[in-house]
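1. fold the following, please.
(chains A and B)
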Amino acid sequence: MSAGVLSVRVLRVGESVSLRVRRRPVVVGFVLVAVALGLSVYSLGTGEFSIPPGTVVSALLGGSDPASAFIVRDLRLPRVLCAIFVGVALGLSGAVFQSLTRNPLGSPDIVGFPQGASVGALIVITMLSGSGLAVSLGAMCGGALTALAVYLLSFKRGGTSGYRLILIGIAISFLLVSVTDFLLARARIEDAQEATRWLLGSLNGRNWDDVRPLAISLLVFLPLAIPAGRALRALELGDDAAHALGLRVERSRLALIALAVGLVSVTTVAVGPIGFIALTAPQIARRITGTAGLPLVCSALMGAVLVLAADLAAQRLVPDRALPVGVMSGLFGGLYLAWLLSTEWRKGRRG
Amino acid sequence: MAKGTTRMSTAPLRAESVTLAYDARVVAEGLSVDIPEGGFTAIVGPNACGKSTLLRALVRMLKPRAGSVLLDGVEISSLPTKQVARRLGLLPQSSIAPDGITVVDLVARGRHPYQRLLRQWSREDERAVEEAMAATHIQELAPRLVDELSGGQRQRVWIAMALAQETPLLLLDEPITFLDIAHQVEIMDLCAKLHREGRTLVAVLHDLNHACRYATHLIAMRDGAVVAEGPPAEIVSAELVERVFGLKCLVVACPASGAPMVVPA
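-> Model prediction:
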């Protein structure tokens, strides 16, 4: 370790390996992991049947009575893991999107991805009477097509600008919201009910079959965050500066959008649209870590903490009535968005 | 005007009869320029004459529709972009400092072309950043936030970032346009110093008098074509200024430097 001109520590192994290590984000990262673990243990131990934290931990490690082991490992753990994975994916996706658009509003929520996914899912539910996997596929296609449309529409003269991406995304979202309403209005009542349940995004009744595809997708996507972080550090400085630094700007941007959209798609397929996590997690993480630009790892961890907390609140706040997590995250997120718009943008910055 | 397209050129950077266009709008056709080795070249001309467009082509941000841009005699678009980034630096017209970034962190971003996944901060990087900050006299600003700096200081930080890239060629797109006169002179003095230290500089400038005073080579453009090029003392005349800018003026010797000075008539 050595501290030189940079305000960071540098970890050196010979001359060929040198890693920059910032203390605060590392500390924050560990704290977030601890909070996520605490929330998980609490979530696993409470509910209709209470289990003390010690027993929860031993059940997780494989040494407790069969009843507790069954409740913790088979009934509750999949839900908690889903919450963590979905949170990680959303937090990371949001950080990539917001860095890319250089705008705290540039999250998949705002630029139309979930709205597109909703329309896709609704078409499958109400017009094709599909369910399960078909709905997920419909949602993924809807989201991906929307992202593609937004990207192509905002592409002009050899490049896309963050602003254009957001404005076109907002326009497309509104369009899609009316399509959603139209589909709901003309649907049979049972289909509309099923659709509404999907639209709210829920972690209720998740089992290991839901966890596995999520885990596998994250294994594929997460390593890509490392080169993504490098490209983003150059792109943050503006397209011209990034270009001067030797980055293939448009190619990198397309790859980053694909990564961000991929991450959101995975979560949408698993649990439906959970709003506002991608919007809030990166900004909160940045404020806590005090980094320039959005910290990818801490944003992902913050996403996990937020989804865990929102899901806990959704399950416990109203007795006898488990709300969908999407309601809770929407409530938190809406308040946050109002705060963001009124404080950040009042400064009259470039936005 | 003779453009020297026939003689063997030692120019490290040159455009050979390039056609530059945005979509349907053609900005320049058959444009050729040589950037002389070790010179301080200023590209001047009225608004929308294509000077910034030429610069964008020279740094491979705009692909010519026809013709070629050669870096050390090799077609620039055929070179790996990271390799180009070690030869040719650019100070863009506008860059964005991420919120809450410190001066030293921003300068350090200039090392991007040299860094890899496991090689994020070599001793070379450290030395280059220190030298870049020393050259631009911003060492004392190192821990400050870029947001808090004055316009002139901020421009020096961006120049330091470009210097940290350690390129023998440095291109500056209107480096002083948004600065007050004292900061303009400060930045131009800095450019002159960087030039004296051995770098080849190219700057798009709006102020003809700054260009005459500091540059060793002038490229005067109008309507996407080069009207004249050469050392300012040899080519700047009232006739040229009228031809390029459509401005009637007197050209006198600058009382401070002796360089040609344009005084509107």
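
2. return the residues of the stretch 151-265 of chain B in contact with chain A.
-> Residues of the stretch 151-265 of chain B found near chain A (C-beta under 8 Å from any C-beta of the partner chain) are B:Met161, B:Ala162, B:Gln165, B:Asp173. C-betas here are computed from N, CA, C, even on glycine.

3. quick one: the first one and B:Leu106 touch, right?
-> Think B:Met161. Yes. Judged on C-beta atoms under 8 Å, B:Met161 makes contact with B:Leu106 at a distance of 5.8 Å.

4. same drill for those two, tell me which one is more crowded.
-> B:Met161 (30 against 22; other C-beta atoms under 10 Å in any protein chain shown).

5. just give the nearest non-adjacent residue to that one, would you?
-> Leaving aside its chain neighbours, B:Met161 sits nearest to B:Gly110 (4.0 Å; criterion: C-beta to C-beta, 6 or more residues apart in numbering or on different chains).

6. partners of the nearest residue in space to B:Pro36 that is not next to it in sequence in the sheet?
-> Nearest residue to B:Pro36, sequence neighbours excluded (C-beta to C-beta, 6+ apart): B:His217, at 5.4 Å. Beta-bridge pairing of B:His217 under DSSP bridges involves B:Thr41.

7. what about B:His217, neighbour count?
-> 21.

8. that one: what's it in contact with?
-> B:Pro36, B:Gly39, B:Phe40, B:Thr41, B:Ala42, B:Glu229, B:Gly230, B:Pro231 (C-beta atoms under 8 Å, 6 or more residues apart in numbering or on different chains).

9. burial count for the fifth one?
-> Taking other C-beta under 10 Å as the neighbour definition, B:Ala42 ends up with a count of 28.

10. so it makes contact with B:Ala220?
-> No. Assessed by C-beta under 8 Å, B:Ala42 is found out of contact with B:Ala220, at 9.2 Å.

11. coming back round to it: would TSV of the residues of the stretch 151-265 of chain B next to chain A with secondary structure and distance to B:Glu239 be doable?
-> Below are those laid out as TSV (DSSP: H, G, I helix; E, B strand; the rest coil; distance: C-beta to C-beta, whole Å):
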residue	secondary structure	distance to B:Glu239
B:Met161	helix	40
B:Ala162	helix	36
B:Gln165	coil	40
B:Asp173	strand	28
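
12. of all those residues, which two lie farthest apart?
-> Greatest spatial distance in these: B:Gln165 and B:Asp173, 15.2 Å, computed using C-beta to C-beta.

13. need the longest helix for chain B.
-> helix B:181-196 (DSSP state H).

14. any chance you could list what contacts it?
-> Residues from elsewhere that reach helix B:181-196 (C-beta under 8 Å, 6+ apart): B:39-40, B:135-136, B:150-152, B:155-156, B:159, B:163, B:170, B:172, B:175-176, B:179, B:201, B:203, B:207, B:210, B:213-214, B:216.

15. out of the residues you listed, which are buried?
-> B:39-40, B:135-136, B:152, B:155-156, B:159, B:163, B:170, B:172, B:175-176, B:179, B:201, B:203, B:207, B:210, B:213-214, B:216 (16 or more other C-beta atoms under 10 Å in any protein chain shown).

16. in helices only, show me those.
-> Those of those lying in helices (DSSP H): B:Ala135, B:Gly152, B:Gln155, B:Arg156, B:Ile159, B:Leu163, B:His210, B:Arg213, B:Tyr214.
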